[in-house]
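# Sequence and predicted model, in that order:
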Amino acid sequence: MTRRGTYVCGIDAAIDVVGGKWKVLILWALAQQSCRFGELRRGIPGVTEKVLASHLRELEADGIVCHEESYEGAVRRVTYALTPLGVSLNEALAPLGAWGREHLLS
């Protein structure tokens, strides 16, 4: 994981990795299963291709997401998945999701 700046505390560092609306939704989608780019885009309503591609690159640079390339003939298939670090980040975010369900979705 790359260090982007001087952090004051652990929450500051974690928010730097998952900051913004879309990254946590990407993490949530990948927690369900590994996905191809188009599947992710369809599974996250409202995200643009540009933003999704940018966030996937950032999450990959941080070691949260990895991609696997495979070929079917001349067609390249790229599948995105969580790394062990990404799985642990999702586990850390789970209580926050539970708080949101309990207090805001009621």
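Now that the structure is in, tell me what you want to look at.
# Looks to me like Tyr80 is in a strand.
Yes: using DSSP: H, G, I helix; E, B strand; the rest coil, the assignment for Tyr80 is a strand.
# List the residues that contact the most centrally placed residue in the chain.
Most central residue of the chain, judged by C-alpha distance to the mean C-alpha position with CA atoms, centre = their mean, is Leu27 at 3.3 Å. Remark: with contacts taken as CB atoms under 8 Å, 6 or more residues apart in numbering, Leu27 is in contact with Val18, Leu59, Ile64, Leu82, Gly86, Leu89, Asn90, Leu93. Any C-beta I mention is one placed from the backbone N, CA and C, and that applies to glycine too.
# What is the burial count for the nearest residue to Val47 once chain neighbours are set aside?
Beyond its immediate neighbours in the sequence, the residue positioned closest to Val47 (CB to CB, 6 or more residues apart in numbering) is Trp22, lying 5.3 Å away. Other residues near Trp22 come to 18 when the count uses other CB atoms under 10 Å.
# thought Trp22 was touching Pro45?
No: under the criterion of CB atoms under 8 Å, Trp22 makes no contact with Pro45, lying 11.0 Å away.
# if we can go back for a sec, for the residue nearest to Val47, identify the helix or strand it belongs to.
Counting by DSSP states H and E, the secondary-structure element that holds Trp22 is helix 21-32.
# For that helix, list every residue counted as buried.
Residues of helix 21-32 classed as buried: Trp22, Lys23, Val24, Leu25, Ile26, Leu27, Ala29, Leu30, Ala31 (neighbour count, 16 or more other CB atoms under 10 Å).
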